[in-house]
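for reference, the sequence and a predicted model appear below.
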Amino acid sequence: MNLLGEPANVGRHCGSNEYEITPEVVAFYADALDDHNTLYRRFAPPLLHHSECYKHLGQWYLKNLFGNLHGRQDWELFAAIPIGRRVRTRSTIIERYQKRGRDYVVNETDVLDAESLALYVRGRTHQSFLPAKSETPAGGVFVVDERSASAKEREPRAAFPTATGADLTPTTKRIDERRCWMFSGPARNYHTDREQALKLGFPNIVVQGMMTTCFAAQVMLDRYGEGFLAGGKMSLKLTNVVWVDETLAAFGRERERTREGARTRVHCDVWVDKADGTRVLLGDASALE
C-alpha cells in the first residue's frame, strides 16, 4: 500500500518479466543497432534488454509527460548471458530528486538468471520531468536543444574528454526511421512516430536515449570483449536530444589502469557526437583485462 498517495515513491516495485534469450532475438538487436560482434554467436548483447524499465511506465513515470527527458544512465555488467538461457527482470524506484527545475525519478532494473537468480545486468535510469505546474510553451513545442539557450543561461562545461591514452575504434550510425522502429517499436510513440512526438511537445521523432548508450557499449565491447561482458561498467550523461535522420559517432579513449584483485580494470572516457560536433552523451566506462 502506498501511504503517501504518490505512485512514484522510493522502494516501489514496478514490475517483472521473463524472457528466453533466443538467436532470433539477438539477431534482431544486431540488425537494429548494426552491431555484429562475433561474441553474439554465444552470448547476448549486454544491453539486449536496454528498455526493460520502460515496460512499466505507469508504475514510475510522473503524470506530466510533456517534455520529459532521459538524463543519465548507469550500467553494470556482472556476467555474460548465454544464448538459450531464460532471464527474469525486476524494476524498482530507488531515488527521487530535483535538479535545475526538473523532477527526477531513478529506476533500477535488474536482469537475472530465471533459475539461479544470478545477476547479469543492472541498469539505473534517471528520467527527468517538468514540474506539473509548468505550462505548455507557445506553439506547443518544448525546446530541448541546449544550443538554443543563451550563453548567459548555460553553465560552462568542463573539458571532455580528458583521457590521454589510446583511442578505441569509433563507430558511426545514421538513425533513420527504420532503426527507430526496430529499437523503440513496434508501438507508435514519440520515439517511432512524428505525430506522437508532437503531442509531447517535440518537433520530430526523438531518438531514444538508450540507443546512444548502446553505441557506447559497442565501442567498449569491440575493444575489450568478454572483459566488458562480465565486469563492464558505464556511467553516462545524456546531454542533448537526437532527432531522426541524424548521424552519430561513438568514441572512446583509455584514461588509466587500476588493479582489481588479480585483474586489471581499464578506465575510459566515452562520448557520442552528432555530425556537426554537438555532444549528445559523455561519461565513464571500464572493463576488465
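Received, thanks.

now do the helices in the protein.
23-33, 57-60, 177-184, 194-199, 209-224, 226-229 (DSSP state H).

tell me the buried residues in the first one?
Residues of helix 23-33 classed as buried by neighbour count (16 or more other C-beta atoms under 10 Å): 25-26, 29, 32-33. All C-beta atoms are positioned from the backbone trio N, CA, C, and that covers glycine.

out of these, which comes closest to Phe66?
Ala32 (28.0 Å; C-beta to C-beta).

give the contact list for the closest residue to that closest one other than its chain neighbours.
Residue nearest to Ala32 in three dimensions, not counting chain neighbours: Met182, with 3.6 Å by C-beta to C-beta, 6 or more residues apart in numbering. Contacts for Met182 (C-beta atoms under 8 Å, 6 or more residues apart in numbering) come out as 28, 31-32.

okay, Met182 and His70: tell me how far apart.
Taking C-beta to C-beta, to the nearest Å as the measure, Met182 falls 18 Å from His70.

before we move on, what about Val241?
9 Å.

same question, Ile21
Ile21 sits 25 Å away from His70, going by C-beta to C-beta.

strands of the stretch 51-200 of the chain, start to end?
69-77, 86-99, 102-113, 119-129, 171-174 (DSSP state E, counting those that start in this stretch).

what would these look like in JSON lines with distance to Gly261 and mean pLDDT?
Output for those, formatted as JSON lines (distance: least, C-beta to C-beta, whole Å; pLDDT from 0 to 100):
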{"stretch": "strand 69-77", "distance to Gly261": "16", "mean pLDDT": "93"}
{"stretch": "strand 86-99", "distance to Gly261": "27", "mean pLDDT": "95"}
{"stretch": "strand 102-113", "distance to Gly261": "23", "mean pLDDT": "95"}
{"stretch": "strand 119-129", "distance to Gly261": "18", "mean pLDDT": "95"}
{"stretch": "strand 171-174", "distance to Gly261": "31", "mean pLDDT": "98"}
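
to Glu195, which of these lies closest?
strand 69-77 (19.6 Å).
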